[in-house]
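> Just a sequence and a predicted model for now, questions to come.
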Amino acid sequence: MADFPSKVTTETSASQAQSPQQGGNRFQELTSNITATVDMSFIQSLPAVLMMIEIGLGLIHWALIASAYYTLVPAYGWVMFVAVTLWILTTILFLMILCDTLRHLPAVPWPLTVMVYQAVAAVLYLTAFLTNAATVNHFWVFHFSYNHMAAAAFFGAAVTIAYGASAYFSYMDWRGDGGNAATTTVPT
């Protein structure tokens, strides 16, 4: 028993505490290869502001419809489908651009893809807005639902304008500023 204290060491070092063999910080090892970048300059751009407006007003639009008795008029099934689907897709696209995941998919022509998405979304939202506005009068008996549907028609128009503006600016981005590639690559 006299030699027991000389054989035992009670010192620990930082390298031993972090070693995976002794149950160190495995979460840090797993996340050391993952890098997340956020494009803060995107948030300050006009397309990002328009997308945030689309997300915010789109949420208000479908929330107003969902809180009313929209199942009484079958046309509101289309309005809800367009509003919720485009809200989800726009939110996903916004987060993908914000987190700079588009550069991980270089095979996709992103300016063209975003332009086509915004143009299709503008047309779909126009049909949903027109359907919403045309069927508001069916709810005049239900004062609560009438107010919700009338407000939803207003927000539907606002979202349609936002998608139209986004489609225009996406077109300008897709078209680019350089003009003809042959005239810009040949030195003069």
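Great, that's in hand. Residues are numbered from 1 along each chain as shown.

> Ala122 and Ala157 touch, don't they?
No. Ala122 lies out of contact with Ala157 (CB atoms under 8 Å); the separation is 11.9 Å. Using the backbone N, CA and C atoms, a C-beta is placed for each residue, glycine as well.

> Tell me the buried residues in the helix or strand containing Met172?
Using DSSP states H and E, Met172 sits within helix 143-175. For helix 143-175, the neighbour count (16 or more other CB atoms under 10 Å) marks 145-146, 148-167, 169-171, 173 as buried.

> can you tell me the average pLDDT over that helix?
Mean per-residue pLDDT for helix 143-175: 89.

> That helix packs against which elements?
Using 3 or more CB pairs under 8 Å, 6 or more residues apart in numbering; DSSP states H and E as the contact criterion, the elements in contact with helix 143-175 are helix 46-66, helix 75-98, helix 110-134.

> do you know which of the ones you listed lies nearest Val38?
Closest to Val38 of the helices and strands packed on helix 143-175 is helix 75-98 (CB to CB; 6.1 Å).

> tell me the angle of that closest one relative to helix 46-66?
Put simply, helix 75-98 runs at 150 degrees to helix 46-66, going by axes from the mean of the first three to the mean of the last three CA atoms, to 10 degrees.

> ok, and what's touching helix 75-98?
Applying CB atoms under 8 Å, 6 or more residues apart in numbering, the contact partners of helix 75-98 are 38-39, 42-43, 48, 51-52, 54-55, 58-59, 61-62, 65-66, 70-71, 102, 114, 117, 121, 124-125, 127-128, 131-132, 134-135, 152, 156, 159, 163.

> repeat that with 6 Å
Helix 75-98 has contacts (CB atoms under 6 Å, 6 or more residues apart in numbering) with 42, 51, 54-55, 58, 61-62, 65, 70, 121, 124, 128, 131-132, 135.

> Output that helix as CSV, nothing but the C-alphas.
C-alpha atoms of helix 75-98 as CSV (Å, rounded to 0.1, in the frame of the first residue of the first chain):
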residue,chain,number,x,y,z
ALA,A,75,-63.3,28.6,-55.0
TYR,A,76,-61.4,29.5,-51.8
GLY,A,77,-59.8,26.0,-52.0
TRP,A,78,-57.8,27.4,-55.0
VAL,A,79,-57.0,30.6,-53.2
MET,A,80,-55.7,28.8,-50.1
PHE,A,81,-53.7,26.4,-52.2
VAL,A,82,-52.0,29.2,-54.1
ALA,A,83,-51.4,31.3,-51.0
VAL,A,84,-50.0,28.6,-48.7
THR,A,85,-47.9,26.9,-51.4
LEU,A,86,-46.3,30.1,-52.6
TRP,A,87,-45.7,31.2,-49.0
ILE,A,88,-43.9,28.0,-48.2
LEU,A,89,-41.9,28.0,-51.5
THR,A,90,-41.0,31.7,-51.1
THR,A,91,-39.8,31.1,-47.6
ILE,A,92,-37.6,28.2,-48.7
LEU,A,93,-36.2,30.2,-51.6
PHE,A,94,-35.5,33.2,-49.3
LEU,A,95,-33.7,30.9,-46.8
MET,A,96,-31.7,29.2,-49.6
ILE,A,97,-30.5,32.6,-51.0
LEU,A,98,-29.8,34.0,-47.5
